[in-house]
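Enquirer: task: produce atomic coordinates for the following.
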Amino acid sequence: MHSENKFINALLTGITQILSGLLMFGAVAVASISLTALIMAVEEITVFIWKHRWINTYQNNYGNAWAVVFWHISLIFLSIAYWAALDVFIPKNKKSVDPNIIPEQIITEKQQQPK
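Expert: Residues are numbered from 1 along each chain as shown. Okay, the predicted model is just below:
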């Protein structure tokens, strides 16, 4: 009976991790596409203000505009994914531990504080 509970808990933990990863992937993909669109919009508006014309981002002189958009999305995706993965998969410490303070000191400090 106890081994069945361990198996079920391990299975649920695994499923939770997979679903968290998929949710993180979707959120990061949407964020990277949104940030890329924002960057392109700022570029367009900046050029329009100074040059009084729109730039055509999708047909540049080198024929690599779609590759540029892809690399924008990729770099933004990787940077957001790194921090999101840290936030999702690496547990945070519940309390900060100072190695110079022993537990007895913490207890006496709590007792001395006025209520």
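
Enquirer: per-residue pLDDT, Val88?
Expert: Note for Val88: predicted pLDDT of 72.

Enquirer: contacting residues around it?
Expert: Ser20, Gly21, Met24 (Cβ atoms under 8 Å, 6 or more residues apart in numbering). All C-beta atoms are positioned from the backbone trio N, CA, C, and that covers glycine.

Enquirer: next, the buried residues of stretch 15-24.
Expert: Met24 (16 or more other Cβ atoms under 10 Å).

Enquirer: likewise stretch 25-39?
Expert: So stretch 25-39, judged by 16+ other Cβ under 10 Å, has buried residues Val28, Ser32, Leu35, Thr36.

Enquirer: which one among these gets closest to Trp83?
Expert: Val28 (9.2 Å; Cβ to Cβ).

Enquirer: so what's Val69 closest to, chain neighbours aside?
Expert: Excluding its sequence neighbours, the residue lying closest to Val69 (Cβ to Cβ, 6 or more residues apart in numbering) is Thr36, at 6.7 Å.

Enquirer: elements contacting the helix or strand where the one you found lies?
Expert: For Thr36, the element it lies in under DSSP states H and E is helix 2-51. For helix 2-51, the elements it packs on are helix 65-89, judged by 3 or more Cβ pairs under 8 Å, 6 or more residues apart in numbering; DSSP states H and E.
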